[in-house]
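Novice: next come a sequence and a model predicted from it.
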Amino acid sequence: MSAAPVLLEMRSITKTFPGVTALADVSLVVREGEIHAICGENGAGKSTLMKVLSGVYPHGDYSGDIFYRGEEVRFGDIRASEHAGIVIIHQELALVPGMSITENVFLGNEPRKRGAIDWKAAQRRALELMKQVGLKEDPDTLIKDIGVGKQQLIEIAKAFAKDVKLLILDEPTAALNEADSRHLLDLLREFKRQGITSIIISHKLNEIEAIADSITILRDGRTIETLDIKADGVNEDRIVRGMVGRELGSRFPDYVPNVGEVFFEVRDWTVRHPISTERLVCKGSSFNVRRGEVVGFAGLMGAGRTELAMSLFGRSYGVWLGGQVFKDGKEIHLRSVSDAIDHGLAYVSEDRKAIGLNLLDDIKTSIVAAKPAKVAKRGVIDQVAEHKVAEQYRKDLRIKTPTVDEGIVKLSGGNQQKVVLAKWMFTDPDLLILDEPTRGIDVGAKFEIYGIIHRLAEQGRGVVVISSELPELIGLCDRIYTVFEGNITGEVARADADPELLMKQMTTTKKMSVS
Amino acid sequence: MSGYEDLKKNLFGGTASASRQFGMIFTLVAIILLFQFLTDGLTLTSGNLIAVVSQYSYILILAIGMLMVIVAGHIDLSVGSIAAFVGIIVAKAMKEFDVPWPLAILLGLVCGAIIGAWQGFWVAYIGVPAFIVTLAGMLLFRGGNQFIGNADTVPVPEGFRTIGAGYLPEVGPSTGYNNLTLLLGLAACLAVAWREWSSRKTRKEMGAEPAPMWISGVRLAIMVGVIVFATLRFAGGRVGTSFPVSGIILGALVLLYSFYTRNTVGGRHIYAVGGNARAAELSGVKLKRVNFLVMTNMGILAALAGMIFVARSAASGPQDGLSWELDAIAAVFIGGAAVSGGLGTISGSIVGGLVMALLNNGLQLMGVGVDLVQIIKGLVLLLAVALDVYNKSQGRFSVIGSITRPFRREEPPPTAARTDSPSDSDKAPAVS
């Protein structure tokens, strides 16, 4: 592999923002036809490096040189880099939900005939491209009517419509379930056979190990090393060591659970879909949480885990049809989010940017946002108290920021997630529901968040963790419920939990109990 | 960081919106100086300053309410019509039913609250976009004004006129100045000094290094200088005139609402709703109530502005309040509010309103016709916001790049497909 000619070389790239050096003398060499992974913790500079490459930060905005196909290139904007065949697919997909597949694939790149768009040609070409990415859909289907996994494939088809030579994928599988992820990785292998070079940025190290030919590790804006996966015998632990600069003893912190009495119980919870009246998203679900216990919810995407959590949290999703909630033996009614907060519930959403945070806020405002009354007297906010609270959480959760006055947008994903956790810890909840708490977060930050979860449990709170990553649930939880199509299909104690058993229960309606 | 940047940061606080406000204050000063020169010193005479305050205070009062509406992510096109509608009701009540004027003012405010609540109901609880609700309101209440008043003007009694055409009375020893205005100026100086001192104290309590003492001194000296100058001008006008009562009402409202929007939980909620409504809802903010209250509040302030205008012109007429909504909206956007909501300050909107007011006034003093004044105002609005947009994009995005493919990780609100993802999970097939 190392004999293949160099396709792209970025040489001593340095990029500074006022007060911060995002990239310091970073180099990257990508050979033709390989799958090259870029790894690093949040804030290590991966995204910035890709923005330099794609011309988001135009030439002159950074120092250093870029050589592409043997020539020095200076991209002034994204169009220029796309013209050269370099296409980035971002974690946040750039599709128009109300437009069809064909329209999206050719958005900004429409085939023309005498000035007008040639829809027939577009349709034909769209079908070809969809076949290439292994997608069977009517090209007239609207984007909003297909799942995230398929949307991702359409993004790739879109890249192919632009005659891509170097495909860059930023966290491509972060929002995908296992089956979709596997399909996507197979696709990347297929592209490799066709001679397309890919750069993949991912936090899922097992995927990288499985698919990449070589890997460049960044840490604190510097290149740490470039490894050849096969020649260097790279495994996950090796990558982690490079990323964090130390050995991580375990992926999960040491922790002795101290589980108490059942204090929170849900009985026969039934909720229907907000629009389609016949569709039940929770079909009489019952579960309980003990004090100091970490309870996992395993299930495939669309199984109804988020719907269950959000409908419990002040009926924030769907239409409630029946079911009861008991806390400390007494029935409680949670008709609104403020009811839920007052009863000691907290819900950390799976999509922190869309519904978890106000991205215009600064850190301290965000931290007190769910219970501002705690730092206010008669409705007037005590700014000193607010600042103190925020400072405390900054230290406790090790949120990486110069001050708590900084804007949320400036933080990396992991640090934003810590702010969301701080926001809900500040409400002093008895039960925290964490929906995909480590999605899109690097290994180091994950470890820290696991630690926070354990600390919360040690304080006698109940913690519910919803996650698509089975190893995470098994490593973290005292007990795991499995969910399939709105039913709770099983309950597995920590000692009995193994991925195969869980997966079996996640895909069957038959109720089994191993506890 | 250059010395200039350093000074700017320390004088106005370091945030982006503060630097925007610096730009606006700078523009305001430039406009004042320009017209002072072009009109041979007419702009800063006592008579003109007093006229500007009494002529534009009602627009600025509207701008206060409009800022909150826009921050919450809405717009209100009906304020001019509401002002006219309430104006005619109050005028009729006093003329035909002999309602005493203080009671009439109360009646007007209650009417404003009811109208605001009516619009708030449609916006918050039914979910009709505010643009449509208030467009309807614009027609509704304009028609209402003409229906009640038979498209005629109705005069108002002397006492009522105080709130629009009154001045601080002459009391105490003869000093050659209006004594109450002098006292007001003194109070303002003390308040500014106290604020400077308490903000230094707050910064210290937060464990942050306060700005160097000399910066505080310079800032204080500038502000006190401006206040003393203004006080002497307002106090030294023609005998019988001084600082207008409507200006005092405006000042009180600015202080009250600035405090509310900046320092209270309720104020925070407005910004939260405008910044990310779903996130606010999931944090326990009562979305509907916030929207309802913001619209209701706008109704009250529109009623107040209408009454001040009627008082000033001594009669209520069918043409009152025409296109006020546009002046108020322009003031808010020139003052740095974001079209998509979640950003903006009361003080910014006031400065934005003053820019428009002094521009208007200066051009009128120069004898420029109404036609040209409108053209110039339109261009100023466009340029002010364009400059802001340009500054935001500078150095961060290439212009074309940001248009063709915005990078949402840095752009605050994520817009396209990803926003839908929470609901994707229920659309995606369970096993795929």
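Specialist: Sure thing, it's come through. Residues are numbered from 1 along each chain as shown, chains lettered A, B, ... in the order given.
Novice: quick one: least confident helix or strand in chain B?
Specialist: When the helices and strands of chain B are scored by mean pLDDT, DSSP states H and E, helix B:399-404 comes last with a mean of 30.
Novice: what's the spacing between the residue in chain A sticking out farthest from the centre and chain B?
Specialist: Of all residues in chain A, A:Arg114 has its C-alpha farthest from the mean position, at 43.7 Å, by Cα atoms, centre = their mean. Here the criterion is Cβ to the nearest Cβ, to the nearest Å. By it, A:Arg114 lies 24 Å from chain B. Bear in mind the C-beta positions are built from the backbone N, C-alpha and C, glycine included.
Novice: quick check: residues of the stretch 51-200 of chain A near chain B?
Specialist: A:51, A:55-56, A:58, A:61, A:76-79, A:90-97, A:108, A:143-149, A:151, A:175, A:177, A:179-180 (Cβ under 8 Å from any Cβ of the partner chain).
Novice: so for the residue of the stretch 151-300 of chain B found nearest chain A, what's the pLDDT?
Specialist: Of all residues in the stretch 151-300 of chain B, B:Gly275 sits closest to chain A, at 3.6 Å by Cβ to the nearest Cβ. Listed pLDDT for B:Gly275 reads 92.
Novice: quick check: end-to-end length of stretch A:425-437?
Specialist: 14 Å (Cα to Cα, to the nearest Å).
Novice: got the contact list for that stretch?
Specialist: With contacts defined as Cβ atoms under 8 Å, 6 or more residues apart in numbering or on different chains, stretch A:425-437 is touched by A:263-264, A:289, A:305-306, A:309, A:312-313, A:327, A:341, A:344-350, A:367-368, A:370-371, A:374, A:389, A:393, A:417, A:421, A:424, A:449, A:453, A:456, A:461-468.
Novice: just those: which are in helices?
Specialist: Taking DSSP state H, the ones among the contacts of stretch A:425-437 that sit in helices are A:305-306, A:309, A:312, A:341, A:367, A:389, A:393, A:417, A:421, A:424, A:449, A:453, A:456.
Novice: residue of the stretch 51-200 of chain A closest to chain B, please.
Specialist: Residue nearest to chain B within the stretch 51-200 of chain A (Cβ to the nearest Cβ): A:Gly147, separated by 3.1 Å.
Novice: list the contacts of A:Arg398.
Specialist: A:418, A:448.
Novice: and B:Ile31, how many neighbours?
Specialist: Residues lying near B:Ile31 (other Cβ atoms under 10 Å in any protein chain shown) number 20.
Novice: who's in contact with the residue of the stretch 151-300 of chain B closest to chain A?
Specialist: Per Cβ under 8 Å, 6+ apart, neighbours of B:Gly275: A:358-361, B:341-343.
Novice: what's the spacing between it and B:Gly344?
Specialist: 11 Å (Cβ to Cβ, to the nearest Å).
Novice: try A:Leu359
Specialist: With distances taken as Cβ to Cβ, A:Leu359 is found 16 Å from B:Gly344.
Novice: between the two, which one's more packed in?
Specialist: Each of A:Leu359 and B:Gly344 has its neighbours counted (other Cβ under 10 Å); B:Gly344 has more, 27 against 23.
Novice: what helix or strand is that one located in?
Specialist: Using DSSP states H and E, B:Gly344 sits within no helix or strand.
Novice: and if you look at the one 5 residues further on?
Specialist: Following DSSP H and E, the helix or strand that holds B:Ser349 is helix B:346-365.
Novice: tilt between the helix or strand that that helix is followed by and helix B:346-365?
Specialist: The helix or strand immediately downstream of helix B:346-365 is helix B:370-393, counting by DSSP H and E. With axes from the mean of the first three to the mean of the last three Cα atoms, to 10 degrees applied, the angle from helix B:370-393 to helix B:346-365 works out at 150 degrees.
Novice: name the helices or strands packed onto helix B:370-393?
Specialist: helix B:16-38, helix B:324-334, helix B:346-365 (3 or more Cβ pairs under 8 Å, 6 or more residues apart in numbering or on different chains; DSSP states H and E).
Novice: buried residues, it. List them.
Specialist: In terms of neighbour count (16 or more other Cβ atoms under 10 Å in any protein chain shown), helix B:370-393 has its buried residues at B:373, B:377, B:380-381, B:384-385, B:388.
Novice: hang on, isn't A:Val465 packed against A:Ile453?
Specialist: Yes. Between A:Val465 and A:Ile453 there is a contact under Cβ atoms under 8 Å: 6.8 Å.
Novice: find the residues that touch each one of the two.
Specialist: Residues touching both A:Val465 and A:Ile453 (Cβ under 8 Å, 6+ apart) are A:294, A:434, A:437, A:476.
Novice: quick check: the farthest pair among those?
Specialist: Maximum pairwise distance among the shared contacts of A:Val465 and A:Ile453 (Cβ to Cβ): 11.1 Å, between A:Val294 and A:Pro437.
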